[in-house]
Structure formats: structure tokens, C-alpha cells
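>>> Need coordinates for the below:
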Amino acid sequence: MSMSRNSHTAAGAAALRLGCLLASLVSCYLWSACGDDDSTGADTRHETDLEYDGGDGVPDQGDRDTDDDFGQDPLADPPDDPSDASPDGSDLLEDRPIDSSADLPDGCSPGDRWPVDDTLEGTTLQGVALIWSSEIELCNVWQEGDSLEKELSRKIRLVLPPQDRCSLGQVHLAISRLDDLRIESGPLSTERQEITSSEISSALAFWELSSQADGNSLYARIDHSLGARGTLGEVFSVQRVQGDDRPVDYANPGFDVRFVLEPAGSEETLLLEPCDGEPTYEDAISVLVGTRPEGEVVVTRYWRTPVRDALMGSYPVIITATELWASSSPWQQFLARGLWANTYSASHHNWFENSEVNFTRDLAFYHLVFRSWEVEGQPPGMDAPSRMALNNLNTANLQPGIDLTWITADTGSQRTDSYEVLDPPEQPGGNLNYGEWQRVDGPHFQRLLELDCPNGRVFSVGYQWSSRFQLLACPREAVPGFDLVGLIPVRFSWQPRFTGAFYGAEAIRETIDRGTGEVVFQVDLGESYRTTIQVQNSGGYLVYVWGSDPDNPLDAFWCEEAVLRLDPMPDQILRFEGGDGGVTAHLGRRWGAQGVGQSGIYAPLFLELTFGGAFHRVDAWDRLEYTNTHHNWNDRLVAETEHLDLGWRAEWVFFGEVTGLHYFVWAVDRQTSAEVLSETEVFPVGP
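Predicted coordinates for the structure are as follows:
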């Protein structure tokens, strides 16, 4: 294998960085030149030629050139003067019969909703349906070069329920509306706003059709006015060739439809994207090590990003979780999950990263540690992190560091410890900058492995709390069926500085166990540390970690192959029915820690309660309070709506014919304390 440890001089690294920058500038210039080329023979956009406002991908409605008439007008009777055409379609709505025929695209609701729309007749966009059948969540897009403060201030999530849509026709888009949505700037009740359909007005801002040799393109935008919250733009950029009638699917839109938010009173346009990124993004894992005289901390980032084989260009970083553990207590790992806990900030090419991990904005940490500490003044009982600042990462000339603020166990006071980020151990291809994250996920190494070993595979072995490795294997005919050509520690509590290092063929030695005849791979990790991985004939792996004592291993365990990924306990969704079917309850809870015996320590996700024909849901963190009990036998959840206290509880009955767990729900008017739903027993139902 050619994947061995690489070295480079500082001058060589600087030259490579300069070369990357120049190549980036040249590629940007060539891209711009190609974008201006009009030699394809394709017609430009019909009706108006829009100027683009500098990189947000949204046409600027203020700069319209209406002097030219390009291509064929999609309307049956195009006006002599294009300025007479109403882009919002209002001039087309008069005397339009309702289309109740079977000619409507799939997804259109027949009846009195949609009038006849022939504005796409004869084009490759005719019959292309708009499918919005499930809830979508949209979050702001990272903007390269903006400060951490700016990224924190613009953080937002929009939750949009399924909407009624039909076709891309001008008439249909002109009467498309937005019914209800929720805007969130955080997880608390004071940080979210429900906007109903009566507060939203919608209008078609522009609709422009173009023709190419092999098909048609449409650029359109519906503006949904949200009152004091600004305007939500629903932007279409759809191209289809002959025979391509794929629907515009809001759950997997690609570039067909995008959303932008223009906050009221601000000149900024917030680009929005699915909160988890595009479906084509891959799950990535990267590690970083910080050190100070008292010990090390290891930071693991779980994130999503487009598949990248090239080194050039900026790339999206959508952080799903950040894990932290310290060398002083490696059995304690702290996890900050989700949008509100993780904020990414970096410059072009993802250089000069200054990001933040706010553990108090993790749901489990909020309920189990932070809430009792901040609201009730109770110390957490252990040192727990509240905030982590990642400073000057991925830079050529600045010292990268970590500032980690802890809540102290005994008094609840806060202290901040500063760590230097270690110059990362080199992986295949070398490192360009200081404070670089090291990717350790399977997809990353699979691409590297395939350069020399097309049929190779990457898998993980290890134990969660102490030692876990990624293994790179190339197939062979002899037992055990592969050569071990690479090993990467992704968790190594015995020497955290080894995390993310790559050990190639020169560090690996193969032997045979005398007793069993099984193949053993021994990897020299340095500083007297080594690991042996015995491939058992019956399946699985026997893994040892050795230090300076050759007779007593530091760690020993058996394991099977696994895929390296974020693998916390799955969220529990409990469902109940009672009251002769008139009462239903759904409860979501997240495992936060292991209690005594078989007890789980849970944090609440939501409570849904339906009774009397009315549906109630509470998921704002500060409106939920969960009580954990021994063996979870008497757990309780109370949720606050605007006027009601909703409740669920468990009760273990020890004696009689009804021995076992029983469950009850209730609802009380908060102002009068009157029972709205008397305590009712409910029974578990299937998923």
C-alpha cells in the first residue's frame, strides 16, 4: 500500500496552500466565463432577463429588462408589450373554468381548487407535478466568512406542514398559498412562533419560461408575506428535457425548489436548506485533540457534507452532534446534539474556523443538568461542560485552541480551561494547516483505500469507552481472507494523542496464535503501546491493548465488525389509548444516562394528548418536565399548553390481579385548577 505516514516541510505546505488558493481563483474565473457563454443555441429566459443579486441564487426582482422579447410566449395570446403581462398571473385568472378532468398532474386535488392552466401546454414542463406530502424542516445555510456572532444571530428553523400544490403553471402557482408554519430561533417557548394561514398572504413575484434545444426551464418565485417576520420566498428553478416528467418533490427537491427568508427590517436574505442537508450528503466523523498540562480532551464531530473527492473549494458542514471526553475521566462522554447546540463559523475553503458547542442547548443536558442548575440552583454533582469554543482551527499561521467552560460539581460555579490543539497526526495525503480536523469515517477511508485496493473494505472494532479502531482491509485468498493495511484509533483512552493517527503497513505485523492457529495482527502504536487483533475462526475479533507491561494487557475484549457512527440509545416513542378509544397519548423521551439497576434516566421530547375531539402537542423544552424514578416504575411527565397542564404518569402495582405497570393521563385548566380530563387509564398500543 502507498498509504504510509507522509512528511512535508513548512515551506512545502505553504507552497501547496498558495497553489490551492491560485487554483481556486482560476477555477472561479473559468466558471464565471462559462456561465456567460451564450454559444449553446438555447433561448434565454422568456418575458424578462433577470439580474442576479450577487450569489444568493435568487433573481433580483428590481432589475428587469422588458425591452426584449425572447423565445415563444407560453401564453395563448401573448401581449404585444411584455410589461402588460402580470407576472403574478392575476390577468389570467378571469373567466378560467375549474379543471375537474383527469388532465391534472398527479398530486393535484380535483374539484373546486384548481382552474384550467394551459400556460405550459406543449412544453416539457407540462404535466410535471408538485408533491408536498410531508412536513419539511428548513434551516439557515452556513455563510462562509461570517463571524460566529453573525451565525448565532441568524440561526433559525422553519417547520412547514404539507401544502396543497398542483403544477408549475403560472395560474396554479399564482393561487398557491401557504397554510401555517412555525418559525424557531431556539428550542424554548419564547423562541418560537406559530404563524397561521390567516396571517400569511401569498403572491407570484415572477414566472419566466425559457426554451432550449432539448427542453424547457422555468424560473419562478412565490412570495409568502409573514407580517412582522418578513417574507418567505418559494423559488423554482426547474428544467426538464423531453421524456423527463419527474415531479418536483419538496421532500427531495434538489435544485427544483428552494426557500429563502427575508426578515422584516433587514437587508439580508437567509438561504434555507433541509436541516439535515440534502439526501445525497454523506455522514462524516472527524476528531480533534486538545492538550494542557493536566491532560487532554478529545472532540469528535459527527456531521453531514457532500461527497468530496477533490481538495478544492468550500464545503457545507452540517453538524449533527459533538462528543467530548477528557483523559481524566474517559468513561464520561458528553454529547451535544442538534442544531441549537452546534454553531459552525469559518472562512473560504473552511479555513479559520471559530465554532461553538453549547451543551446547555442539548435536549438531554438541558433537562438533566442545566435546568436544575440554572433554575433551581442545584450543582450538577459532577463537573459538566456548558460551552466549548473552538478557536482558529484549520489555519496556516494562528495557534488553534479550545476554551472549555465547566460547571463545577460541588458549587455550580463555572471555570474555563484552555487547551492547545495538537498538530494533527498525518494521514494519507498529509496535512496543510494547523488545527485540522481529522476525518475517521468509513466513506472517507473507503475512497482512499480504493486507490490501491478496489475491493477493500473499512470497518470498526472496539469497545465504546476505551479503545475503538477503524481497520482498512484488502482481500486475499489465504485466511482470514484479508490483509490489514491500515489502522486508525478513533477512541484511545490510554493515550488520547494517538486519536486520528494513521498506522500503515510499516507498523503492522502478522503472526499466528500458537494455540488456535488464528491470524493475529499486531500494530505498533508508539510510546510502548501496541494492539493485537486476533481474527477468530468462529467469527469476531479478540482485541488486546498493551502498554509497557508485556504480561498484563491494559484492555481486552471480544467484538464483532461494526460501522463507525453516532450510535446513542434510540429515542423512545410510547403510544397509549384509553377511554373507550376517545383518549390517545403519544410520549417521546430520550435516554440521557444509566440509572441504578435497570433504570433509565430520560429527558422529554414531547407529549401529545387527544381527548374530547381536540389534539394537544407540547414540545418546547421549557414547557416539559419529566420526573425519573427507580426502575422507571413511577415516572411522570407534565406538559404546559397555553391554558392547560397535561399529564402522564406510570405506576407499578405490586399486588392483586393487576400487578405490573399501569399508565394514566389527565388535563387541568391552569387558571381555575378544574379538571378538563379526569385521570384516565390508558394502555400501550403498537408502534
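>>> CA only for contacts and neighbour counts going forward, please
Fine.
>>> low-confidence ranges in the stretch 551-687 of the chain?
687 (pLDDT under 70).
>>> what about the strands in it?
Along the stretch 551-687 of the chain, the segments classed as strands by DSSP state E, counting those that start in this stretch run 555-559, 572-578, 583-594, 600-611, 614-618, 624-627, 636-640, 644-653, 660-669, 675-684.
>>> got the contact list for residue 456?
By Cα atoms under 8 Å, 6 or more residues apart in numbering, the contact list for residue 456 reads 446, 449-450, 472-475.
>>> Can you check the pLDDT for it?
Model confidence at residue 456, given as pLDDT, is 96.
>>> For it, grab phi and psi.
The phi and psi values for residue 456, taken as degrees, to the nearest 10, are phi -70, psi 170.
>>> That one and residue 282, how far apart?
19 Å (Cα to Cα, to the nearest Å).
>>> before we move on, back to that, let me know which of the strands of the stretch 551-687 of the chain is the nearest to residue 324.
strand 583-594 (14.9 Å; Cα to Cα).
>>> buried stuff in that closest one?
Using 16 or more other Cα atoms under 10 Å as the test for burial, strand 583-594 gives 583-592.
>>> got a list of contacts for it?
So strand 583-594 is in contact with 364-365, 368, 569-578, 600-612, 665, 682, going by Cα under 8 Å, 6+ apart.
>>> let's go with 7 Å and repeat that
364, 569, 571-578, 600-611 (Cα atoms under 7 Å, 6 or more residues apart in numbering).
>>> What strands line up against that strand, and which way round?
Using DSSP bridges, the strands paired with strand 583-594 are strand 572-578 (antiparallel), strand 600-611 (antiparallel).
>>> between that strand and strand 644-653, how many degrees?
Inter-element angle recorded for strand 583-594 and strand 644-653: 70 degrees (by axes from the mean of the first three to the mean of the last three Cα atoms, to 10 degrees).
>>> Let me see the contact set for the most centrally placed residue in the chain.
Centroid-nearest residue in the chain, with Cα atoms, centre = their mean: residue 276, separated by 3.1 Å. Residue 276 is in contact with residue 318, counting by Cα under 7 Å, 6+ apart.
>>> Phi first, then psi, for it.
phi -90, psi 10.
>>> circling back: in strands, which of the contacts of residue 456 appear?
Residues of the contacts of residue 456 located in strands (DSSP state E): 472-475.
>>> From residue 187, how far off is residue 485?
Taken as Cα to Cα, the span from residue 485 to residue 187 is 46 Å.
>>> So which of these two has more stuff around it?
residue 485 (22 against 18; other Cα atoms under 10 Å).
>>> Surely that one forms part of a strand?
Yes: judged by DSSP: H, G, I helix; E, B strand; the rest coil, residue 485 forms part of a strand.
>>> So it sits against residue 503, correct?
No: taking contacts as Cα atoms under 7 Å, residue 485 lies outside contact range of residue 503: 8.3 Å.
>>> Tell me how many other residues crowd residue 517.
11.
>>> Quick one: residues contacting residue 545.
530-532, 553-556.
>>> now the contacts of residue 456 in JSON lines, with distance to residue 676 and neighbour count?
As requested, these are exported to JSON lines (distance: Cα to Cα, whole Å; neighbours: other Cα atoms under 10 Å):
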{"residue": "446", "distance to residue 676": "58", "neighbour count": "19"}
{"residue": "449", "distance to residue 676": "63", "neighbour count": "24"}
{"residue": "450", "distance to residue 676": "64", "neighbour count": "13"}
{"residue": "472", "distance to residue 676": "61", "neighbour count": "24"}
{"residue": "473", "distance to residue 676": "63", "neighbour count": "21"}
{"residue": "474", "distance to residue 676": "66", "neighbour count": "20"}
{"residue": "475", "distance to residue 676": "67", "neighbour count": "16"}
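>>> In those residues, find the pair that's most separated.
That would be 446 and 475, which, of the contacts of residue 456, are the farthest apart (Cα to Cα) at 13.6 Å.
>>> Can you tell me which of the contacts of residue 545 lies closest to residue 395?
For the contacts of residue 545, the nearest to residue 395 is residue 530 (32.1 Å; Cα to Cα).
>>> What sits closest to that closest one if chain neighbours are left out?
residue 524 (4.6 Å; Cα to Cα, 6 or more residues apart in numbering).
>>> Give me the distance between the one you found and residue 219.
Taking Cα to Cα, one finds residue 524 at 59 Å from residue 219.
>>> What of residue 301?
Residue 301 is 38 Å from residue 219, by Cα to Cα.
>>> quick one: secondary structure of residue 190?
Assignment for residue 190 (three-state DSSP): helix.
>>> hey, where'd the strands end up in the stretch 351-500 of the chain?
Going by DSSP E, counting those that start in this stretch, the stretch 351-500 of the chain shows strands at 353-358, 384-393, 401-407, 414-421, 438-439, 457-462, 467-475, 482-492.
>>> and residue 655, which of those strands is closest to it?
If we rank the strands of the stretch 351-500 of the chain by Cα to Cα, the stretch that ends up nearest is strand 384-393, at 41.3 Å.
>>> which helices and strands sit right next to that closest one?
strand 353-358, strand 401-407 (3 or more Cα pairs under 7 Å, 6 or more residues apart in numbering; DSSP states H and E).
>>> pLDDT of that strand, averaged?
Strand 384-393 comes out at a mean pLDDT of 96.
>>> got a list of contacts for that strand?
352-360, 398-408, 434-436.
>>> among those, which ones are buried?
Going by neighbour count (16+ other Cα under 10 Å), these have 352-360, 399-408, 434-436 buried.
>>> Tell me how many other residues crowd residue 190.
11.
>>> what's the pLDDT at it?
96.
>>> now residue 56
At residue 56, pLDDT is 39.
>>> For residue 182, pull up the helix or strand it's in.
Residue 182 belongs to strand 181-184 when assigned by DSSP states H and E.
>>> So in that sheet, which strands flank that strand, and in what orientation?
strand 157-160 (antiparallel), strand 192-195 (antiparallel).
>>> quick one: average confidence on it?
Here the average pLDDT along strand 181-184 is 96.
>>> Show me which residues of that strand are buried.
181, 183-184.
>>> What lies in contact with it?
Contacts of strand 181-184 (Cα under 7 Å, 6+ apart): 156-161, 191-196.
>>> Give me the buried entries from those.
Using 16+ other Cα under 10 Å, the buried ones in those are 156-161, 192, 195.
>>> rewinding a little: distance to residue 270 for the buried residues of strand 583-594 - can I get that in TSV?
Putting these into TSV (distance: Cα to Cα, whole Å) gives the following:
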residue	distance to residue 270
583	42
584	39
585	37
586	34
587	34
588	31
589	32
590	31
591	34
592	34
